[in-house]
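Peer 1: return atomic coordinates for the entry below.
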Amino acid sequence: MSNKILNTYAAYALDDLIRKQSSSGAIFSLIAEKILSLNGIVYGVTMTDDCKGAEFVRVDNIEQLYLLRGSKYIQAKVGQTYKSVKNDLNIGKIVLFSGTGCQNNGLKKYLGKDYENLYCIDVVCHGVPSPKLWRHYLEHIETINNAKIIGVNFRCKDQGWKDFGMEEIQHDKKKVYIPSSQDSFMRMFLRNYCLRPSCYECEAKLVRCADLTLADFWGINFVAPEMNDNKGVSLLIIRSQRGQSLFDTIQEKLCHKKVDYNAAIKYNPSEITSAPRPKERNKFFSDLEKKEFIKMEKKYAADAKIPLKQKVKDILRKALLRKNNGGGYGNVKNVSGYGMLFTFDMIDRK
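Peer 2: So this is what the prediction gives:
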């Protein structure tokens, strides 16, 4: 159990289809495929059928792997997963476990000993949002759209990895794309109101039990700009020789570059830093018990007020950028951004 770093990479899968279905560079998918090809088992998180929760599931074939792709910004139920992992390990199965740092640490503590046939992947975690907030949010979305949600993609990349926008498609099912900058759930999440108490002092950032850590490589333009084609790049941190050996088995399916660890995490500080606890956090959960979601939106997800001094600075900065780029913004780009994609089943109003 250590935070020793063997190697750090920027990487993405050469398969564009799998990459598009993944939050960043699809490294998890390639590793999971490798484990399954060895008749192994993969454990990870999927959304429940009603989309109101997330839970761990056991996958033993590549046809089910899609369930585990993509980020789920909600606390997942572990249930009997640790027990199931132990059973698979004890009968000699190769097992890949994927979860947050605390879930990985919990598994290792439950097992009580090291298993040579166990590989663990964790993620650079901002924090885990409240399941109750998610349920209230989902019910609100279904009400205002008069539609039942049957699918959720927290990290839709239809407009590119760094770009985000609203997309609506009318056919037998309706898809609505909501940019994270406008989505009330994402605003509350990223403003840290709805995180679990332990997330503000995350012990898993001090001691990690995973063999590999995955994340979006935010700031790739400053570290390895030649890697950024706006389709998603993963930050991959190797923490054990076992993790390095596993990574080596998929290298032929990757575009990858070794990078400096400190440079790589500069724009993803959640690797080592816990989210700050807002002073309104207790009031937020008190309100969540009593207030309608629309009132929660107005109070906790409203546009941030920008001081006049900052507005003036922004105006001057944009004017300078236009001047330097011939009247446009030229190569000025967002470093990151993501949104949600919902799939609706229309409810008969009759």
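
Peer 1: please make it C-alpha for all contacts and neighbour counts, starting now.
Peer 2: OK.

Peer 1: residue 238 bridge partners, please.
Peer 2: Residue 238 has these beta-bridge partners by DSSP bridges: residue 7, residue 212.

Peer 1: hmm, it is touching residue 120, no?
Peer 2: No. Taking Cα atoms under 8 Å as the definition, residue 238 is not a contact partner of residue 120, at 11.0 Å.

Peer 1: give the residues shared as contacts by those two.
Peer 2: 211-212 (Cα atoms under 8 Å, 6 or more residues apart in numbering).

Peer 1: quick one: the helices in the stretch 201-350 of the chain?
Peer 2: In the stretch 201-350 of the chain, the helices defined using DSSP state H, counting those that start in this stretch lie at 220-223, 241-248, 261-264, 281-290, 293-300, 308-324.

Peer 1: residue 136 contacts residue 294, doesn't it?
Peer 2: No. The pair residue 136 and residue 294 does not pass the contact test of Cα under 8 Å, sitting 9.8 Å apart.

Peer 1: the two: which is more packed in?
Peer 2: Higher neighbour count among residue 136 and residue 294: residue 136, with 16 against 13, using other Cα atoms under 10 Å.

Peer 1: please name the nearest non-neighbouring residue to the more buried one.
Peer 2: residue 293 (6.4 Å; Cα to Cα, 6 or more residues apart in numbering).

Peer 1: cool, residue 24 as well?
Peer 2: Per Cα to Cα, 6+ apart, closest to residue 24 is residue 232, 4.2 Å.

Peer 1: and residue 34, what pLDDT?
Peer 2: Looking at residue 34, its pLDDT is 97.

Peer 1: repeat for residue 181
Peer 2: Value for residue 181, per-residue pLDDT: 76.

Peer 1: any weak-confidence spans in the stretch 51-200 of the chain?
Peer 2: Scanning the stretch 51-200 of the chain for pLDDT under 70 picks out the ranges 163-173.

Peer 1: show me the helices in it, by range?
Peer 2: 81-90, 101-111, 131-145, 184-190.

Peer 1: most tightly surrounded among the ones you listed?
Peer 2: helix 184-190 (a mean of 20; mean count of other Cα atoms under 10 Å).

Peer 1: centre of the chain versus that helix, how much separation?
Peer 2: Relative to the chain's own centre, helix 184-190 is displaced by 14 Å; criterion: Cα atoms, centre = their mean, to the nearest Å.

Peer 1: now stretch 149-163
Peer 2: For stretch 149-163, the distance to the chain centre is 11 Å (Cα atoms, centre = their mean).

Peer 1: in it, what's buried?
Peer 2: Of the residues in stretch 149-163, 149, 151-163 count as buried by neighbour count, 16 or more other Cα atoms under 10 Å.

Peer 1: need the CA coordinates for that stretch. CSV is fine.
Peer 2: Output in CSV follows, covering the C-alpha atoms of stretch 149-163 (Å, rounded to 0.1, in the frame of the first residue of the first chain):
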residue,chain,number,x,y,z
ILE,A,149,-35.4,8.8,-18.7
ILE,A,150,-34.2,5.4,-19.8
GLY,A,151,-30.5,6.2,-20.4
VAL,A,152,-27.8,8.6,-19.1
ASN,A,153,-24.4,9.5,-20.4
PHE,A,154,-22.7,11.9,-18.0
ARG,A,155,-19.8,12.5,-20.5
CYS,A,156,-21.2,12.8,-24.0
LYS,A,157,-18.5,13.6,-26.5
ASP,A,158,-20.7,14.2,-29.6
GLN,A,159,-19.3,17.7,-29.8
GLY,A,160,-15.8,16.7,-29.0
TRP,A,161,-13.9,15.9,-25.8
LYS,A,162,-13.4,19.6,-24.8
ASP,A,163,-16.4,21.2,-26.4
